[in-house]
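[1] sequence? don't have it. structure:
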């Protein structure tokens with residue numbers, strides 16, 4: 001692994017955490033949205049990450065024709081899935097969105113869990129920024145050795 005791969009790996013981590021922060025913000029923004037129909041109610045979303053392993057870590061020979069994204073480590077977003085947790089049905093017969101039985105469907109968003117996810121994603125993003133900063137400093141020190 002060259003020192004330049006560190007920037008690709010940390011950048012992929014930053015991109016993944018950006019997606020995670022966006023889904024958290026979407027979940028929090030829709031935490032109080034209501035619907036009379038359970039099919040139309042917002043459901044919490046979570047990103048799915050996939051690790052990108054290096055060819056050097058596997059037992060396969062090095063492929064010189066592979067692209068950088070195939071070779072480099074890091075993480076990629078495999079997709080965003082909706083939660084299977086049950087929706088919150090609240091008995092509020094006076095609510096304008098209540099169904100014929102008086103229930104209002106609220107999203108299955110746990111705001112406390114989402115805040116913890118937000119803090120975790122923010123710290124992971126900052127860690128990747130610190131990794132890039134350290135790699136930059138090391139490269140600058142390597143270049144100064146030749147002076």
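    Received, thanks. Computed from a prediction, not measured in an experiment: that's the story for all the values here. Numbers count the residues shown, from 1 in each chain.
[2] roughly how far does residue 30 sit from residue 101?
    23 Å (Cβ to Cβ, to the nearest Å). (Glycine included, C-beta is placed from N, CA and C.)
[3] swap in residue 16?
    42 Å.
[4] those two - which one has more neighbours?
    residue 16 (21 against 8; other Cβ atoms under 10 Å).
[5] the strands in this structure, which residues?
    Here the chain has its strands, by DSSP state E, at 45-51, 75-82, 88-91, 103-106.
[6] what sits against the residue nearest the centre of the chain?
    Centroid-nearest residue in the chain, with Cα atoms, centre = their mean: residue 20, separated by 2.5 Å. By Cβ atoms under 8 Å, 6 or more residues apart in numbering, residue 20 lies in contact with 47, 117, 121, 124.
[7] pLDDT at it, what is it?
    Looking at residue 20, its pLDDT reads 97.
[8] again, but for the one 10 residues further on
    On the pLDDT scale, residue 30 is placed at 95.
[9] longest helix in this protein, by residue count?
    Identified as the longest helix of the chain according to DSSP state H is helix 111-145.
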